[in-house]
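Peer 1: Provided below are the primary sequence and the corresponding predicted coordinates.
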2 protein chains.
Amino acid sequence: MPAPPWRKARRTAQPKRQLSQDLIIETGLRILDAEGLDALSMRRVAQELDTGPASLYAHVAGKDELLELVYDRVLGEIRLPERDAARWKEQLRTYAMEVHRVLAAHADVARAALANIPSGENSVRAGEFLFGLLIEAGMPPSEASLAMDRLSLYIVGDAYEGSLHYARMRAAGLQSKQEYFEAFVGQIAGYYRALPSDRFPHVSKYVDDLIAGDGEDRFRYGLELLLDGIQARMPTS
Amino acid sequence: MPAPPWRKARRTAQPKRQLSQDLIIETGLRILDAEGLDALSMRRVAQELDTGPASLYAHVAGKDELLELVYDRVLGEIRLPERDAARWKEQLRTYAMEVHRVLAAHADVARAALANIPSGENSVRAGEFLFGLLIEAGMPPSEASLAMDRLSLYIVGDAYEGSLHYARMRAAGLQSKQEYFEAFVGQIAGYYRALPSDRFPHVSKYVDDLIAGDGEDRFRYGLELLLDGIQARMPTS
DNA sequence: TTTTAGTGACGAACGGTGTTCGTGTCAAGT
DNA sequence: ACTTGACACGAACACCGTTCGTCACTAAAA
């Protein structure tokens, strides 16, 4: 038997009490992974949730806060080992690679990273690991603070740079790193080669070296530079 | 004798042929210095030039290109010494401090820096200096390429981070670093101190060390880490 | 059971953004 | 003198983050 037409149609089974901060964060992360940070807007999240943008503001203060929350959720994927001060250098290296891996696994989330003073739960957790490791390895806290800060900046900075390449790749409509490399790096290489060799002798001569090495190689090299510098400052060395 | 009213008023003395790329770049830089990167929009530049935003597109491909051009103009202020491979470490240090100084002198221009593969005139000039210095100091080109890349990333990354603090300071309506420090860092410090000391023993205990040191101290420390790492890889060492 | 208070959902709108289209106007070349 | 081509620019498009006011609904109070 059909319902009389003047009776207003009931809403969906759920009385639309459905939104939550978790749901919003999750949706934001999904959009970010699938379409990149540029596609992550309040309107887009709302649309994905079948509602208007205004509805989000009851659960999230604004876009900045949403980005912080999404970022911290990503940091939650970092796996930390038991601290072992005797193997501090190895653990520092593993930690850096792990953070870098997690950031790289989520499109260009790193572009939302540098913007924040670390205050999220998972961010502090990572900081405690790093800071504690340096101190237990024998560094005075004042210096361990500096070392942690610089190491973190390097990791996030490199991931950020990678994010920008990723975003450019997307913007150009390319799909693979292979395509991007040919379309972009090749162009840059040509430009460098064409530079006047009297004014720029080294840059124009060693172009092949300049564009050699993928992102991971470069990250590793800089990491070893920093780790060696830290080692030289450890009291036991 | 007054002009007859039906004669349409002449435009300004200049028959409005006034725009040029240089003028646009200069205006953009002026806005950036005075009001920060967030205030630098196409419309704002056009307004400053008494015209509409569409007029700019004849001289500049878009906002991205404008930012690149403004950034490269800033890099033009970098003063480079004569290269002296014997004093490579000292010159590397001076170079890093000089680039850092120039970036810091122009509000948050560094926020436009990381976004670009270096292709501007002045960018290449700086690259040639750095690359040449490393090679003349004895590094094989393949490694000098990595070292240059990492050093540049560190310098720009640190300046970028500083830019973000600057932008946040502006957004909060604060005027001095002093005010910003109290309003922001103090808040963070309180937050850290309130953390449960069983889960975050080191972070909560050494808060004073964590917030100690201004931007320049931190930059210097990381720079020395990298320089020592590079020194250890120099053939002569 | 009825009333009331309060919370979340959300349509509409505000003021901003980068960019493009089409038109008009001027200056130089023929 | 006429044509051509480059540039200026008003208007508009499709977005953006955010706020206001209103409505539906739940849960507590009477």
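Peer 2: Now that the structure is in, tell me what you want to look at.
Peer 1: going forward, measure contacts between C-alpha atoms and count neighbours the same way
Peer 2: Fine.
Peer 1: just checking, next helix/strand downstream of whichever helix in chain A runs longest?
Peer 2: With DSSP state H applied, the helix covering the greatest number of residues in chain A is identified as helix A:141-171. Proceeding N to C from helix A:141-171, the next assigned helix or strand is helix A:177-180, under DSSP states H and E.
Peer 1: buried ones in that next one?
Peer 2: Residues of helix A:177-180 classed as buried: A:Y180 (neighbour count, 16 or more other CA atoms under 10 Å in any protein chain shown).
Peer 1: wait, does it make contact with chain B?
Peer 2: No. Helix A:177-180 lies apart from chain B when judged by CA under 8 Å from any CA of the partner chain; the minimum separation is 13.3 Å.
Peer 1: Just the CA trace of that helix, in PDB.
Peer 2: Once non-C-alpha atoms are left out, helix A:177-180 reads as follows in PDB (Å, rounded to 0.1, in the frame of the first residue of the first chain):
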ATOM      1  CA  LYS A 177      57.300   8.800 -13.000                       C
ATOM      2  CA  GLN A 178      58.800   7.500 -16.300                       C
ATOM      3  CA  GLU A 179      56.600   9.900 -18.400                       C
ATOM      4  CA  TYR A 180      57.300  12.800 -16.000                       C
END
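Peer 1: distance between the ends of stretch A:32-48?
Peer 2: Start-to-end span of stretch A:32-48 (CA to CA, to the nearest Å) is 12 Å.
Peer 1: what's the answer for stretch A:74-93, then?
Peer 2: Here the two ends of stretch A:74-93 are set 20 Å apart, with distance taken as CA to CA.
Peer 1: how far is that stretch from where the chain is centred?
Peer 2: Centroid separation between stretch A:74-93 and its chain, computed with CA atoms, centre = their mean, to the nearest Å, is 18 Å.
Peer 1: Repeat that for stretch A:177-190.
Peer 2: For stretch A:177-190, the distance between its averaged C-alpha position and the chain's averaged C-alpha position is 23 Å (CA atoms, centre = their mean).
Peer 1: What mean pLDDT does that stretch get?
Peer 2: For stretch A:177-190, the per-residue pLDDT values average out at 87.
Peer 1: With only the CA atoms kept, save the strand or helix carrying A:Y221 in PDB.
Peer 2: Taking DSSP H and E as the criterion, the element that holds A:Y221 is helix A:215-233. Taking only C-alpha atoms (Å, rounded to 0.1, in the frame of the first residue of the first chain), the coordinates of helix A:215-233 have been written out as PDB:
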ATOM      1  CA  GLY A 215      64.700  10.500  -5.300                       C
ATOM      2  CA  GLU A 216      65.700   7.700  -3.000                       C
ATOM      3  CA  ASP A 217      69.400   7.900  -3.900                       C
ATOM      4  CA  ARG A 218      69.500  11.600  -3.200                       C
ATOM      5  CA  PHE A 219      67.600  11.200   0.100                       C
ATOM      6  CA  ARG A 220      70.000   8.500   1.300                       C
ATOM      7  CA  TYR A 221      73.000  10.600   0.400                       C
ATOM      8  CA  GLY A 222      71.900  13.600   2.400                       C
ATOM      9  CA  LEU A 223      70.800  11.400   5.200                       C
ATOM     10  CA  GLU A 224      74.300   9.900   5.500                       C
ATOM     11  CA  LEU A 225      75.800  13.400   5.500                       C
ATOM     12  CA  LEU A 226      73.700  14.300   8.400                       C
ATOM     13  CA  LEU A 227      74.300  11.100  10.300                       C
ATOM     14  CA  ASP A 228      78.000  11.300   9.900                       C
ATOM     15  CA  GLY A 229      77.900  14.900  11.200                       C
ATOM     16  CA  ILE A 230      75.900  13.700  14.200                       C
ATOM     17  CA  GLN A 231      78.300  10.800  14.800                       C
ATOM     18  CA  ALA A 232      81.200  13.200  14.900                       C
ATOM     19  CA  ARG A 233      79.500  15.100  17.700                       C
END
